[in-house]
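Trainee: Next input, structure requested:
(chains A and B)
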Amino acid sequence: MAEAATVHSKRRITNLVMTSLTAICAVFATSVLLIIIGFIAYQGISSLSWEFLTDTPKPVGEGGGIGNAIVGSAMMTLLAAAIGLPIGIAAGVYLAEFGKNWYGNTIRFIADTLIGVPSIIIGIFIYTVVVMPMGRQSGLAGGLALAIIMIPIVARTTEEMINLVPNSMREGALALGAPQWRVSWNIVLPAATSGIATGAMLAIARITGETAPLLFTALNSRFYNFYYDQPMSSLTVQIYNFATGPFEVEHAMAWAATLLLVGFILVINIVVRYLTRKKY
Amino acid sequence: MQSKISIKDLDFFYGKAQALYDISLEIPEREVVAFIGPSGCGKSTFLRTLNRMNDTIPIASVKGQVIIDGKDIYAPGTDVVALRRKVGMVFQKSNPFPKSIFENVAYGIRINGIHSSKEDMNNRVEKALRDAALWDEVKDRLSTSAFGLSGGQQQRLCIARALAVQPDVILMDEPASALDPIATQKIEELVVELKKNYTIVIVTHNMQQAARVSDRTAFFMLGKLIEYNPTQKMFTNPNEKLTEDYITGRFG
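Mentor: Below you'll find the predicted structure:
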C-alpha cells in the first residue's frame, strides 16, 4: 500500500511540474508581444502629435513628421492589393476547384516556395526588372514588389477557405444545371467570402510591415508624392532611416512611427478576429 | 406502360471496383419508383447515374445505356447541363445555398434564363414554393437567410429549388432520412402530390416509406438488381426469397 501511494504521489508531482512548465512557456511566448507593444507605446507616444502625423521630415531639430510616409505606405499597399488580391484569389479558386492534377500540384509547390523566399530577394528581382529599365526607384516598383509577396499568400489561404465549403453545396448547384464555372463563381466563392477576406486582410497586414523589398525599389522621399513613377516614402523605410540616424530626436520619431505601424497591424488582426468569430 | 427512363445493361465502376452489375430497369412516366436495399448496395450510385452526377468523380466509369425520352444520356455529345435541368435532384442532407430563401429558388431559374421579367421570376418562385408546400411558412420572410429554416423546411426548400427549373424527373436520395417523423410525413405527402406532374425516383432506407409513397419498388443488393415489381406485390408476395428476407427484416 505504501509503495502504491508513493508511485501515485510521484506521478502527481510529475504532472504538476510538467503542466506548470508548459504554462510558463505559454506565458513567456505571448508576453513577449505585450512587452514589445508596451515598450513601443512607452517610447513612442510622447512624440505623437498632429504635426508628426501630417508634416514631412525636416532637418534635425526643426520638428517635422511622417505624413508623406503614411501616404506612401497607403498608396503602395493599395497598388499591391489591387494587383495581388484579384490574381491571388483567382489562383486560389483555380487550385481549389480545378487544381487536383499535376499542373495544380506544381503551382501549389511554387506558391509555397515563393512564400518562403526572403522578401529582400523579391526586392532585388523588382530592382532588376522594373527599377533598372525605368532608370529610377518608384512607388510602382515598391507596389509591385509587395504584390509579388502577397499573391502566393492570398492564393493559398483562398484555396484553404474554398476547400472548407461543403461539397454538397457544389452538387446542389450542379444538379440544377449550373455549369462548373457558375458553381465556382456564384455559389462556392460567396460561401467562402468571410474566410477569403480574412486571408486578404492578413496579407495586407503582412506587406504593410515589409521593409526589405522597398529599400531599393521605392527608396524614400522627403516630400509628399502622389505619383507612382517617382520614389516614394513608406513608414517602414522611414523608421529604418530614423533609427539608423545619429540623433536622439530621430530615434524618438522612429519609435512614434513604429507605434503607428504596430497599431495599424494590431487593428487589422483584431478586426479579422472579430469577423471570423461571428461565424461560429 | 410508357417508359420515361429505360436503363439497359448498366455497369458502373469506381476505378477497378465494380459497383453496379448489369442493371436493366424501366421507369414509367409520372410514377414513383423506390430503390431499397442495405447500405452500400449501390442504390445511391445508381440514382446518380441517372443525371450523370457521378461525372464529378474522376475515377468513375459507366458501361451500358440510360435512355431518357428516347435519348441515351451517355452518348457522346450529350449536354450534361441540359440533362441536369431536365432531371432534378434532391439530396440526403439538405444543402441550401448561403443566400436568401428567394434567391435559393431563383438561382436555377436565373442560371438557365427561364424567366422573362422580374414579375415572371416572382411568380415562378412563388409557384415552386407553393408546389413544395412551403409558401405559407416562408412568404413573409423570403429575403431572410435559408439557414434560418428548420431541417424539414430546408429540405422542402431544396425540393422547391429543384421544381423551379421545371424538370421532368426528380431524383431523391433519401430525402427524409435526417428529418423527424412530422417533417418526413410532409415530404412523403409532397412526393405523392408531385407524382401528378413529375416522374420521381426515390432512394430510401425506410421500407414503410417505400411502401407508402411508391408505385414500384426495386430491391438492390451488392450492386445487383434483385427484384423490380409493383410495390403492392413486392411487399405482399415477392418473387425472390432474398427480397422477402430483407423486407421482413431478417437481414440488412
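Trainee: Let's check: the centremost residue of chain B is which one?
Mentor: B:L171 (1.5 Å; CA atoms, centre = their mean).
Trainee: give me phi/psi at it?
Mentor: Dihedral pair for B:L171: phi -100, psi 130, per degrees, to the nearest 10.
Trainee: pLDDT weak spots in the stretch 151-280 of chain A?
Mentor: A:277-280 (pLDDT under 70).
Trainee: Show me where it has its helices.
Mentor: Assigned by DSSP state H, counting those that start in this stretch, the stretch 151-280 of chain A shows helices spanning A:167-174, A:180-183, A:189-191, A:193-208, A:212-215, A:235-244, A:248-277.
Trainee: what sits against the residue nearest to the centre of chain B?
Mentor: Contacts for B:L171 (CB atoms under 8 Å, 6 or more residues apart in numbering or on different chains) come out as B:L47, B:R48, B:L50, B:N51, B:V87, B:G88, B:M89, B:V90, B:I200, B:V201, B:I202. The way it works is simple: take the backbone N, C-alpha and C, and place the C-beta from them, glycine included.
Trainee: Report the contact partners of the fourth one.
Mentor: Taking CB under 8 Å, 6+ apart as the definition of contact, the neighbours of B:N51 are A:A175, B:L83, B:R84, B:V87, B:G88, B:M89, B:V169, B:L171.
Trainee: from those, which ones fall inside strands?
Mentor: B:V87, B:G88, B:M89, B:V169, B:L171 (DSSP state E).
Trainee: My guess is A:N163 contacts A:E97. True?
Mentor: No. Under the criterion of CB atoms under 8 Å, A:N163 makes no contact with A:E97, lying 9.5 Å away.
Trainee: Can you tell me the closest non-neighbouring residue to A:I70?
Mentor: Leaving aside its sequence neighbours, A:I70 sits nearest to A:L235 (CB to CB, 6 or more residues apart in numbering or on different chains; 6.5 Å).
Trainee: was I right about that neighbour contacting A:L259?
Mentor: No. At 10.7 Å, A:L235 does not count as touching A:L259 under the criterion of CB under 8 Å.
Trainee: So the two - more neighbours on which side?
Mentor: A:L235 (24 against 20; other CB atoms under 10 Å in any protein chain shown).
Trainee: and that one, what does it touch?
Mentor: A:I66, A:A69, A:I70, A:G72, A:S73, A:T208, A:A257, A:L260, A:L261.
Trainee: Alongside chain B, which residues does the stretch 151-280 of chain A contribute?
Mentor: The stretch 151-280 of chain A comes close to chain B at residues A:166, A:168-179, A:182, A:186-187, A:190-191, as judged by CB under 8 Å from any CB of the partner chain.
Trainee: related to what we said a few turns ago, more neighbours: A:N163 and A:E97, which one.
Mentor: Remark: of A:N163 and A:E97, A:E97 carries more neighbours, 21 against 15, as counted by other CB under 10 Å.
Trainee: Identify the residue spatially nearest to that one, adjacent ones excluded.
Mentor: A:S184 (4.7 Å).
Trainee: Next, give phi and psi for the residue in the stretch 151-252 of chain B positioned nearest to chain A.
Mentor: Residue of the stretch 151-252 of chain B nearest chain A, by CB to the nearest CB: B:V165 (5.8 Å). B:V165 adopts backbone torsions of phi -90, psi 10, taken as degrees, to the nearest 10.
Trainee: ok, it - contacts?
Mentor: Taking CB under 8 Å, 6+ apart as the test, what B:V165 contacts is A:L176, A:G177, B:R85, B:G88, B:G108, B:I109, B:N112, B:I114.
Trainee: what residue ranges in the stretch 1-150 of chain B score low on pLDDT?
Mentor: For the stretch 1-150 of chain B, the ranges with pLDDT under 70 are B:1.
Trainee: picking that back up, tell me the residues that contact both of A:N163 and A:E97, please.
Mentor: Counting by CB under 8 Å, 6+ apart, nothing touches both A:N163 and A:E97.
Trainee: Is B:V66 in contact with B:L83, as I believe?
Mentor: No. Using CB under 8 Å, B:V66 is not in contact with B:L83; the gap is 9.8 Å.
Trainee: more crowded one of those two?
Mentor: A count of neighbours by other CB under 10 Å puts B:V66 above the other of B:V66 and B:L83, at 24 against 18.
Trainee: residues touching the more buried one, list them.
Mentor: Per CB under 8 Å, 6+ apart, neighbours of B:V66: B:I5, B:S6, B:I7, B:K8, B:L10, B:T49, B:L50, B:D72, B:I73, B:Y74.
Trainee: list the helices and strands the strand or helix carrying the first one packs on?
Mentor: Yep, that's B:I5 we're talking about. Using DSSP states H and E, the element containing B:I5 is strand B:3-14. Judged by 3 or more CB pairs under 8 Å, 6 or more residues apart in numbering or on different chains; DSSP states H and E, the packing partners of strand B:3-14 are strand B:17-28, helix B:43-49, strand B:60-68, strand B:199-203.
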